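A.B. asks: Give the three-dimensional model of this entry:
(one chain, ligands or ions: 1)
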Amino acid sequence: MDPLPTSEPSRWRERARSFAEAEVLPLAAEIDRTDRVPDALIRRLAEESFLGVGLPESAGGSGGGARDTVAVLEELSRASSAVAVLVAVHLSVCAAPILAWGTAGQKERFGRPLARGEVVGAFGLTEPGAGSDTARIATRYVRDAEGFRLNGTKMFISSGVCAGVLLIFATRDPALGHRGISAFIVPANAPGFEVAQRFEKLGLRGSETTELVLQDVRLPLENLLGDEGEGLRVALGALTGGRVGIAACALGVAQAAFDEMVLSVRTGRADWGRSTVARSYAELSAARALVEKAAERKDAGLSFVNEASAAKLVASRVAVEIGSRGVELAGPQGSRAGAAAGRLWRDARVYPIVEGTTEIQELILARSILEPEDGGNP
Ligand SMILES: Cc1cc2nc3c(=O)[nH]c(=O)nc-3n(C[C@H](O)[C@H](O)[C@H](O)COP(=O)(O)OP(=O)(O)OC[C@H]3O[C@@H](n4cnc5c(N)ncnc54)[C@H](O)[C@@H]3O)c2cc1C
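C.D. replies: Numbers count the residues shown, from 1 in each chain. Below is the predicted model of the structure:
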């Protein structure tokens, strides 16, 4: 039984569910084993308009709002978290900020191909010495008459290999802190841009996690997104939207683990697990309500900073909990290599880290609740 969405199902949810069941789920174990999402599947995501959901049709997107986007991400993640994360990153932290902050020329040249799914997008903020504390980034840019020159290293960047366009953050001078940071649109074929390595992970295998090196990457003036010094605002805005997407992905993996758990109990393999199913159902429903609330506020044009953090914090924690109980209920079968329960738990375990760790969500919420004069929406 599905802990049903609190509002009426969207057309996008039904489409995403049928697509995910027919074309993603059969590949999920292989994606995990080979650590690769096939190019053909990425093309199918584009053909089915999932790489443009939530983005305006006038800009090349597939239309729909935040509620549709979270429905799609949840359904994709229910089949394969790696596939869902590729879509979430592409939509929320690359295409959406380019369409929100871009000039008419940038929207046409970079936003439209992204929204149409002709290229995959990525987001490069984290560095070897700067994760949670984004103001510490050390990738430098220099401005001259022809444009910008970027030098530095980005760490743990999702979709680093398959991306055609990346949103990259660099500083004019690290001593300026957040005021020195600017956002740049970097085509992956820019000379000097290189994928230095790809990391093997515990979970979310198939989602490429990479180290990127920028060595004298030259960009024309028109590749600056927003004004100089506005980069952190671009990044934080993108990450707020991104958190809702990642929360939806976590929800999808939690739902899949729950489905497995129900099967174990129903078939009598774990009839001692009835109360675990009941508890998991309640937690999953609560997490879904938070994700939907954040998406609803976004669709209504209201601030959703707190809701995004609460949804991400709770959904990723619930995913880890339910994933872990799923392994328990699956018994010895759950510990076998390739077992669905094990894969779902491993995938779930990564969600508390990406797009701002649990501790960072706690900091955002605590500041907003305890010092509301500094911003936020308590
Ligand atoms: C699978 C995966 C995909 C990723 N994809 C991307 C991507 O596409 N683009 C991108 O830019 N980044 C990406 N990241 C990076 C991710 O956003 C960072 O790992 C995360 O923000 C944490 O940064 P860090 O790794 O430097 O850890 P740190 O910031 O060093 O944190 C280490 C630990 O300390 C805690 N901590 C840090 N500061 C505080 C504080 N002030 N108070 C309390 N606790 C604190 C953290 O919560 C964490 O538990 C990805 C990471 C992973 C694992």
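A.B. asks: Around the ligand, pick out the residues from this protein.
C.D. replies: Counting by CB under 6 Å from any ligand atom, the chain comes close to the ligand at 89, 123-126, 131-132, 156-158, 201, 204, 209, 350, 353-357, 359-360, 363. Quick note: C-beta positions are derived from backbone N, CA and C, even for glycine.
A.B. asks: I'd like to know which of these are buried.
C.D. replies: When those are checked for burial by 16 or more other CB atoms under 10 Å, the buried set is 89, 123-126, 131, 156-158, 201, 204, 209, 350, 354-357, 360.
A.B. asks: Off-centre distance for stretch 341-348?
C.D. replies: On the basis of CA atoms, centre = their mean, to the nearest Å, the separation between the geometric centre of stretch 341-348 and that of its chain is 17 Å.
A.B. asks: Repeat that for stretch 338-348.
C.D. replies: With CA atoms, centre = their mean as the basis, stretch 338-348 stands 19 Å off its chain's centre.
A.B. asks: which parts of that stretch are buried?
C.D. replies: Within stretch 338-348, the residues that qualify as buried by neighbour count (16+ other CB under 10 Å) are Ala339, Ala340, Ala341, Gly342, Arg343, Leu344, Trp345, Arg346, Asp347, Ala348.
A.B. asks: Pipe the residues you listed into a markdown table and attach pLDDT and secondary structure per row.
C.D. replies: Formatted as a markdown table, the entries for these read as follows, by pLDDT from 0 to 100; DSSP: H, G, I helix; E, B strand; the rest coil:
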| residue | pLDDT | secondary structure |
| --- | --- | --- |
| Ala339 | 87 | coil |
| Ala340 | 93 | helix |
| Ala341 | 93 | helix |
| Gly342 | 94 | helix |
| Arg343 | 96 | helix |
| Leu344 | 97 | helix |
| Trp345 | 96 | helix |
| Arg346 | 96 | helix |
| Asp347 | 97 | helix |
| Ala348 | 98 | helix |
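A.B. asks: ok, the single nearest residue of the stretch 51-200 of the chain relative to the ligand - contacts?
C.D. replies: Scanning the stretch 51-200 of the chain for the residue nearest the ligand gives Gly131, at 1.7 Å (criterion: CB to the nearest ligand atom). Under the criterion of CB atoms under 8 Å, 6 or more residues apart in numbering, the contact partners of Gly131 comprise Met155, Phe156.
A.B. asks: ok so, going back, which of the residues of the chain next to the ligand fall within helices?
C.D. replies: Counting by DSSP state H, the members of those that fall within helices are Val89, Val350, Glu359, Ile360, Leu363.
A.B. asks: What are the buried residues along stretch 209-220?
C.D. replies: Here stretch 209-220 shows Thr209, Thr210, Glu211, Leu212, Val213, Leu214, Val217, Leu219 as buried, counting by 16+ other CB under 10 Å.
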